[in-house]
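Sequence and computational prediction follow.
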Amino acid sequence: LAAVLLARFSWTLPVTGEAERDLFDFRSFVLAKRVEQDDRIALVVYNDQTLITARKRSPLDRGLLAQALRNLDEMSARAIGIDILFDQPQDEDQELIATLRAMKTPTLVGYTRTDATTDNIIHEQQTFLDSFVAQLAGSKAAPAAIVIPDHFGVTRNWPGPAPGLPPTLGRAMLSAGGDSALTLPGYEGAIRYRLPARVDQPVFSSLPIDTFVNPDIIPALTPLIEGRYVLIGGDVVDVDRVKTPITSWIPERDASGLQTSRNEFSPPGIEIHATMIAQMLDDAPLPKPLPITLWSLALAFVACAGLTGLLELRSWRIYPLLAVQFAALVGIPFILHARNVDTYQLPAAGWILGWIVAFAAVTSAARASTAVQRRFAHGALGKYLPREMAEEIIEHPERLALHGEKKQIFVLFSDLEGFTKMSHAIPPEMVAKLLNRYLDMLSQVVLDHGGVIDKFVGDAVVAFWGAPIARPDDGERAAKAGYAIWQAGEKFRNGVEPGVPPIGKTRVGLHWGEAVVGNFGGKSRIQYTALGDSMNTAARLEAANKALESSVMASREFAERSGLGWWRPMGKVVLRGRASPVELCEPAPDFPAEDRATLERAIGLIETDRAAAISLVAELVAKHPADSALANLFHRTRNLSEGSAFVLG
């Protein structure tokens, strides 16, 4: 609602109203037509040099005006308008009144009232002005209003009708000059200003009034006056200057014609009257948009902002839409102005600000309404995925494939030895308590190392790395997680409450290979999981730990891709249910480096010199008598089957 009201009534608000007026002035300047000199209107002016010559500055010399009027009356002007207020006495008043009464050319004399003027003339001035105008009754000289509205310091609009005042100077001149039909359209709203096509030729010709004093040069000057509307007034520095929408944008130029800076130049009021006369002669009233049009546009832009705010901002498709809307917001006021529509009171800044407010409101509301869902999704994903991966999938859900896809993954399979047997010896409540605590410890290890929890199978934990988002250090993370899970299992079984039967150790199998990863299931339930031989191999490696008298065992494919140097080779075995042997590697970060090298040499000799290999392994067993996995390797090396591999039963 605030956005709609802002987009409709921005002209009436303090800050936005100023912005609207500045934008209107900019449009008026940029789109102002460049025209040749208008030969329908002539200006006869008192300039600074005229005042110096006459030795009279204020009031303007009326004797000079009377002489000029008598000569102008012989030049066949259509009408003459005098943009001067005769509101105080002067010695030449009777001469001027006589001249005005004798005029054959329709002549309009400036008039205003104390309750209508922007100049705030006092009562005595009003009284003299009324008496001056009254003496013209019955002649072709008549009063005409010269009030020019001054909106916020800039004359942008036509003056509206004022009670007690005659028609404005321009309207009265056209009516007196035979163009009354052109004054009938309701000229209101913005004045159409124009700029000269050439720097050295203004829109309206202007001659000093003292040029028309000498009757001998009437024949030479007649072509400049004949058939034209003549305006007489001041063009004096700092007197009766009027700002327009375009003057503050006109660059100031020095004597050489070079642009120097922005100028605060304002034309004399006489030019504003000339501009209005020219607009009426062109029969060019500027129509205003209907209120329903403004309401419709305000609602349309706010609706566009709201709908745009509901779109996904990260998608590139939104940016062409934003560009189109921005072009419409900025371009429509210029297009309408260029098509001679009155864009004063058209809320150009209001549309932009309303769009921003609506967009911000909708996006904030949408963000707030989805915050709970995002927190729930983050919490749910965070139970299976590491925090940073969960955040990335929430931000980029397309990375979580909705179908199966082949991935090279690192698989971890763990199991708690003897838990099923132990669970029959304690109450179910204790079983649930222990199992939950155990799985919570192992899950946290997986998540801390950036893995994805695939599933729980009783007390077994299945996890993998490399999907849905693969990272360069997935192998290292998986290897460290496997070792840390064994350590967590040891901590768990050593920390159970008194009275609980002994709990076995945690065994871990690690393998690298190809799997199909994705969402699988039916219409009522789906599960994100990995399927493939690599999962089965990891499970069999975990189970092999019992026969191998070890705790953590990995395939060589896994160990080589982990990037860690803590592995020791543990020979080849044929896993249960398999035909091909698997090379084993065991994480042993505390195993001496020289013994690791000896063990690698022994494993390398198994196929070529088994006796030497057995001898080297025997030396290591003697050196590490408590190492059950090493002793098991010695036993397996002495009892290899064909293919230099030990077949697990």
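Arrived safely, thanks for sending.

only C-alpha atoms for contact and neighbour calcs from this point on.
Fine.

need the contact list for Ile84.
Applying Cα atoms under 8 Å, 6 or more residues apart in numbering, one finds that Ile84 lies in contact with 109-110, 232-234.

Would you mind giving the secondary structure of it?
Secondary structure, DSSP: H, G, I helix; E, B strand; the rest coil: Ile84 is coil.

Look up phi and psi at it.
phi -140, psi 140 (degrees, to the nearest 10).

For it, give its distance to Ser175.
Going from Ile84 to Ser175 by Cα to Cα, to the nearest Å gives 20 Å.

Can you list the residue ranges for helices in the stretch 251-400 of the chain?
269-281, 291-309, 318-338, 348-382, 387-395 (DSSP state H, counting those that start in this stretch).

Redo these as CSV? Include distance to Val617, mean pLDDT and mean neighbour count.
Converted to CSV, those look like this (distance: least, Cα to Cα, whole Å; pLDDT from 0 to 100; neighbours: other Cα atoms under 10 Å):
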stretch, distance to Val617, mean pLDDT, mean neighbour count
helix 269-281, 110, 93, 21
helix 291-309, 70, 93, 18
helix 318-338, 67, 92, 15
helix 348-382, 45, 78, 18
helix 387-395, 44, 62, 17
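
Mind putting the ones you listed into CSV with distance to Arg437?
Listed next are the helices of the stretch 251-400 of the chain as CSV, based on distance: least, Cα to Cα, whole Å:
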stretch, distance to Arg437
helix 269-281, 89
helix 291-309, 45
helix 318-338, 48
helix 348-382, 17
helix 387-395, 20
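
max-length strand in the chain?
The single longest strand within the chain, with elements called by DSSP state E, is strand 506-521.

Adjacent strands (with direction) for it?
According to DSSP bridges, strand 506-521 forms sheet pairs with strand 405-416 (antiparallel), strand 526-531 (antiparallel), strand 552-555 (parallel).

What lies in contact with the shortest one?
Outside strand 552-555, the residues within contact range by Cα under 8 Å, 6+ apart are 482-483, 486, 507-512, 538, 541-542, 545, 582-587.

Following the chain past it, name the next helix or strand.
helix 556-560 (DSSP states H and E).

Quick check: buried residues in that next one?
Buried positions in helix 556-560, judged by neighbour count with 16 or more other Cα atoms under 10 Å: 556-559.

Give me the packing partners of the next helix or strand after it, helices and strands only.
Sequence order places strand 567-574 as the next helix or strand after helix 556-560, per DSSP H and E. Applying 3 or more Cα pairs under 8 Å, 6 or more residues apart in numbering; DSSP states H and E, one finds that strand 567-574 makes contact with strand 582-587, helix 593-605, helix 628-638, strand 646-647.

Quick one: mean pLDDT over the following helix or strand past the second one.
From helix 593-605 onward toward the C-terminus, using DSSP H and E, the following helix or strand is helix 610-623. The predicted model assigns helix 610-623 a mean pLDDT of 94.

distance between helix 610-623 and the chain's centre?
Chain-centre distance of helix 610-623: 72 Å, with Cα atoms, centre = their mean, to the nearest Å.

Next: stretch 5-12.
21 Å.

ditto for stretch 405-420
So, by Cα atoms, centre = their mean, the centroid of stretch 405-420 is 48 Å from its chain's centroid.

repeat for stretch 358-365
12 Å.

got it, and stretch 187-200?
36 Å.

Touching that stretch from outside, list them.
Here stretch 187-200 has contacts from 28, 32-37, 156-160, 202-203, 246, 275-276, 279, 285-286, 288, 342-344, using Cα under 8 Å, 6+ apart.

Buried among the residues you listed? Need that as a selection in PyMOL.
Entered in PyMOL, the line below selects the buried ones among these, by 16+ other Cα under 10 Å:
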select buried, resi 28+32+37+156+157+158+159+203+246+275+276+279+285+286+288+342+343+344
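
Sitting in strands, which of the contacts of stretch 187-200 do you find?
33-35.

List just the nearest of those to Asp440.
Ranking the ones in strands among the contacts of stretch 187-200 by separation from Asp440, with Cα to Cα as the measure, puts Lys33 on top at 78.2 Å.

Next up, the contacts around the closest one.
So Lys33 contacts 193-195 (Cα under 8 Å, 6+ apart).

Make TSV out of these and add neighbour count, distance to Lys421 and secondary structure.
TSV is the format used below for the contacts of Lys33 (neighbours: other Cα atoms under 10 Å; distance: Cα to Cα, whole Å; DSSP: H, G, I helix; E, B strand; the rest coil):
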residue	neighbour count	distance to Lys421	secondary structure
Tyr193	21	98	coil
Arg194	19	99	strand
Leu195	19	100	strand
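
want to throw the residues you listed into a markdown table with pLDDT and distance to Gly418?
Converted to a markdown table, those look like this (pLDDT from 0 to 100; distance: Cα to Cα, whole Å):
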| residue | pLDDT | distance to Gly418 |
| --- | --- | --- |
| Tyr193 | 93 | 96 |
| Arg194 | 93 | 97 |
| Leu195 | 92 | 97 |
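
quick one on the thing from earlier: in TSV: the helices and strands packed on strand 567-574, plus mean pLDDT.
Compiled in TSV, those are given as follows (pLDDT from 0 to 100):
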stretch	mean pLDDT
strand 582-587	95
helix 593-605	93
helix 628-638	93
strand 646-647	88
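
possible to save the ones you listed as JSON lines with distance to Leu169 and mean neighbour count?
Shown next, in JSON lines, are the helices and strands packed on strand 567-574 (distance: least, Cα to Cα, whole Å; neighbours: other Cα atoms under 10 Å):
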{"stretch": "strand 582-587", "distance to Leu169": "103", "mean neighbour count": "20"}
{"stretch": "helix 593-605", "distance to Leu169": "108", "mean neighbour count": "17"}
{"stretch": "helix 628-638", "distance to Leu169": "113", "mean neighbour count": "19"}
{"stretch": "strand 646-647", "distance to Leu169": "116", "mean neighbour count": "20"}
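
measure the spatially closest residue to Gly521 that is not a sequence neighbour to Ile453 for me?
Of all residues not flanking Gly521 in the chain, Gln527 sits nearest, at 6.1 Å (Cα to Cα, 6 or more residues apart in numbering). Distance, Gln527 to Ile453, by Cα to Cα: 11 Å.

So for the two, which residue has more residues nearby?
Ile453 (25 against 12; other Cα atoms under 10 Å).

List the buried residues of the strand or helix carrying that one.
Counting by DSSP H and E, the element that carries Ile453 is strand 452-457. Of all the residues in strand 452-457, those buried under the rule 16+ other Cα under 10 Å are 452-455.

Nearest residue to Glu352 in space, please, no chain neighbours.
For the record, residue 352 is Ile, not Glu. Leu329 (6.3 Å).

low-confidence ranges in the stretch 401-550 of the chain?
Residue ranges of the stretch 401-550 of the chain with pLDDT under 70: 401-403, 522-526.

would you list every one of the helices in it?
Under DSSP H, counting those that start in this stretch, the stretch 401-550 of the chain gives helices at 419-423, 428-448, 474-493, 533-548.

Quick one: the helices in the stretch 51-200 of the chain, in order.
62-72, 93-102, 123-134, 169-176.
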